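Chemist: any chance you can model this:
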Amino acid sequence: MIPELIQTFLTLDLFPLLGAIFASLSCGLLGNFLVLRKQSLMGDAISHAVLPGLVLAFLITQDRSPIHMFIGAAVSALVTVILVEVIKRLGKVEPGAAMGVVFSVLFALGVFLLENANARGVDLDANCVLHGNLQILFWTTSPTEWSHFLSENIRSEVPRQIWTLLATTIAVIIFITVFFKELRIASFDAGIATVQGINAGVMHMALMTFVAIAAVASFEAVGSILVIAMLICPAATARLLTDRLITQILVSAIIALLTAIGGYALASWMGVNAAGMMASTAGAILVVVMIGSPSHGVIAKARNQRKLGNLVALEDILGALYRLAETEEHTTREQLIATLGSSKRTHKAIDRALTHKLIKVVNTQLQLTQTGLAQGAGIIRKHRQWEGYLVEQVGISPDHVHETAEQLEHLIDPDLPNQHTDPHGKPIPPKNS
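Modeler: Model (predicted):
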């Protein structure tokens, strides 16, 4: 005997939840390659462009059978993908512009057909297109015994949308697994893929075909809102958490599962639309990761910028003291702060240099220690070598290179050979001095 609470869940929530999970997984996995290719709007384009396919399918068959509607939408989605590629290559336009042109024109064509052909009486509910029909995916025969799952009628009791989404998800997983190497190389660099014998064009069309199939398969169950969100949010979120593609794909799958399960649970608790809540959950997770990602998050970037600013301030102090040491001049703390600019960061940088014994105070004068002298020489070496590079290689006047070199000196050492003096005749400290 199945407990009443579990029986209620199986009857009302199991199939909608499975539909959301399969749709989120299939779209989320494919979305990784769309994000890498900067084609995240392809899902939006397909969601708008399926309308003429739906109308034409009805006009041809005079029937609203789900099979006919699915075929019409799928054909329209594939036509969208092909037209985007044709316009992008022949018209030499940016991919986003090509997608915008195609989906707006095809959507307008669908509206024209709907208004002027014999299809005005067709019930194409906009809410169904946006939010899907998760509420119709319930178990018509409420199971009372666990043995019911082993009965011969179980297959016919499962809604058709669940089988479609399950088959689509399995096909997507197989496709990505078998062609992972080709998809990875073609997504990062089509030229390298061609050199290695991989037809980047074929891989692109195969990927877009699967995107079209996954999107169309998900429309009826979860609607276009969740499809668009799942094609973008899990992959974009995972991209902020890792720089490895295989890890990104696995993380995106986990995020898609969390989005589907968490969003559906919240929707059930709050009594709101499930697809809309799942899309909102995906967006909320993305925002949280944007803020808290250890490598690419807002907090991490702010922390890195602060560390970089502190390093630049310290190097400016060492460079200034090294220039004074070259002429055997000295300066007090107050004079150095006045020269570099009186800021909280400069004060802290001087304190940090004193703490790490890079500078010392001798009779109120700041002087470099041996360690500080070596680091200061490295800063000045980079500065003067960059000045030489900007004059000799870039052709900038010697009077206009100082400020640019002051910024570049905090980067890598250009290590130009046979260069002993800068454009102003000042000696360049030897490397590792």
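
Chemist: what ranges of the stretch 51-200 of the chain fall below the confidence cut-off?
Modeler: Along the stretch 51-200 of the chain, the model assigns pLDDT under 70 to residues 63-66, 114-133, 135-136, 138-156.

Chemist: please redo it, this time with the cut-off set to 90
Modeler: In the predicted model of the stretch 51-200 of the chain, residues 51-165, 181-200 satisfy pLDDT under 90.

Chemist: what about the helices in it?
Modeler: Remark: helices assigned in the stretch 51-200 of the chain by DSSP state H, counting those that start in this stretch are 66-90, 95-116, 126-131, 154-157, 160-178, 180-188, 190-195, 200-241.

Chemist: need the ones you listed in CSV with mean neighbour count and distance to Leu34, can you?
Modeler: Where C-beta positions appear, they are placed from N, C-alpha and C, glycine not excepted. Listed next are these as CSV, based on neighbours: other Cβ atoms under 10 Å; distance: least, Cβ to Cβ, whole Å:
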stretch, mean neighbour count, distance to Leu34
helix 66-90, 19, 12
helix 95-116, 17, 11
helix 126-131, 15, 21
helix 154-157, 11, 34
helix 160-178, 17, 13
helix 180-188, 19, 9
helix 190-195, 14, 15
helix 200-241, 24, 6
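
Chemist: okay if I get these as TSV plus distance to Ser295?
Modeler: What follows is the helices of the stretch 51-200 of the chain, written out as TSV (distance: least, Cβ to Cβ, whole Å):
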stretch	distance to Ser295
helix 66-90	32
helix 95-116	27
helix 126-131	35
helix 154-157	47
helix 160-178	24
helix 180-188	19
helix 190-195	25
helix 200-241	8
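
Chemist: how big is the angle separating the helix or strand hosting Ile46 from helix 200-241?
Modeler: Per DSSP states H and E: Ile46 is located in helix 42-61. Put simply, helix 42-61 runs at 130 degrees to helix 200-241, going by axes from the mean of the first three to the mean of the last three Cα atoms, to 10 degrees.

Chemist: buried residues of helix 42-61, list them for me.
Modeler: By neighbour count with 16 or more other Cβ atoms under 10 Å, helix 42-61 contains the buried residues 42-58.

Chemist: check which helices and strands it sits against.
Modeler: In terms of contacts (3 or more Cβ pairs under 8 Å, 6 or more residues apart in numbering; DSSP states H and E), helix 42-61 is packed against helix 14-36, helix 66-90, helix 95-116, helix 200-241.

Chemist: which residues touch the second one?
Modeler: Counting by Cβ atoms under 8 Å, 6 or more residues apart in numbering, helix 66-90 makes contact with 42, 45-46, 49-58, 60-61, 93-95, 98-99, 101-103, 106, 160, 164, 204-205, 208-209, 211-213, 215-217, 219-220, all of which sit outside it.

Chemist: chain center to it: distance?
Modeler: Per Cα atoms, centre = their mean, to the nearest Å, the displacement of helix 66-90 from the mean C-alpha position of its chain is 25 Å.

Chemist: the third one too?
Modeler: Centroid displacement of helix 95-116 relative to its chain, using Cα atoms, centre = their mean, is 27 Å.

Chemist: for stretch 379-399, same thing?
Modeler: 38 Å.

Chemist: same check on stretch 85-97?
Modeler: For stretch 85-97, the distance to the chain centre is 22 Å (Cα atoms, centre = their mean).

Chemist: quick one: end-to-end distance for it.
Modeler: Terminal residues of stretch 85-97 lie 11 Å apart, using Cα to Cα, to the nearest Å.

Chemist: where in the stretch 301-433 of the chain is pLDDT low?
Modeler: Using pLDDT under 90, the stretch 301-433 of the chain drops low at 304-306, 308-313, 315-316, 320, 323-351, 361-367, 377-378, 381-382, 384-433.

Chemist: strands along that one, start to end?
Modeler: For the stretch 301-433 of the chain, the strands defined by DSSP state E, counting those that start in this stretch cover 331-332, 359-362, 365-368.

Chemist: go through these and pick out the most buried.
Modeler: A comparison of those by mean neighbour count, using mean count of other Cβ atoms under 10 Å, puts strand 365-368 on top with a mean of 18.

Chemist: other residues contacting that one?
Modeler: Contacts of strand 365-368 (Cβ under 8 Å, 6+ apart): 318, 321-322, 325, 330-333, 336, 350, 358-361, 376.

Chemist: which residue lies farthest from the center of the chain?
Modeler: Asn363 (56.4 Å; Cα atoms, centre = their mean).

Chemist: quick one, domains of this structure?
Modeler: What automatic domain parsing lists as the domains of the chain is 4-292, 300-408.

Chemist: turn the ones you listed into JSON lines, including distance to Asp415.
Modeler: Putting the domains of the chain into JSON lines (distance: least, Cβ to Cβ, whole Å) gives the following:
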{"stretch": "domain 4-292", "distance to Asp415": "28"}
{"stretch": "domain 300-408", "distance to Asp415": "7"}
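
Chemist: list the contacts of the spatially most central residue of the chain.
Modeler: In the chain, the centroid-proximal residue (Cα atoms, centre = their mean) is Ala236; its distance is 3.0 Å. Neighbouring residues of Ala236 by Cβ under 8 Å, 6+ apart: 31, 35, 40, 286.

Chemist: and if we set it to 6 Å?
Modeler: By Cβ atoms under 6 Å, 6 or more residues apart in numbering, Ala236 lies in contact with Val35.

Chemist: pLDDT at it, what is it?
Modeler: Listed pLDDT for Ala236 reads 92.

Chemist: list phi and psi for Gln196.
Modeler: Backbone geometry at Gln196, expressed as degrees, to the nearest 10, gives phi -90, psi 10.

Chemist: could you measure from the closest residue to it other than its chain neighbours over to Val202?
Modeler: Computed as Cβ to Cβ, 6 or more residues apart in numbering, the closest residue to Gln196 that is not its neighbour in sequence is Ile185, at 6.5 Å. Separation of Ile185 from Val202 (Cβ to Cβ, to the nearest Å) stands at 13 Å.

Chemist: swap in Lys88?
Modeler: If you measure Lys88 against Val202 using Cβ to Cβ, the figure is 16 Å.

Chemist: cool, and Val55?
Modeler: Distance, Val55 to Val202, by Cβ to Cβ: 31 Å.

Chemist: again with Gln419
Modeler: Distance from Gln419 to Val202, by Cβ to Cβ: 50 Å.

Chemist: repeat that for Thr404.
Modeler: 46 Å.

Chemist: over to Val75?
Modeler: Distance of Val75 to Val202, computed by Cβ to Cβ: 20 Å.

Chemist: what of Gln62?
Modeler: Taking Cβ to Cβ, one finds Gln62 at 37 Å from Val202.

Chemist: check Ala279 too.
Modeler: 32 Å.

Chemist: please apply the same query to Gly262.
Modeler: 37 Å.
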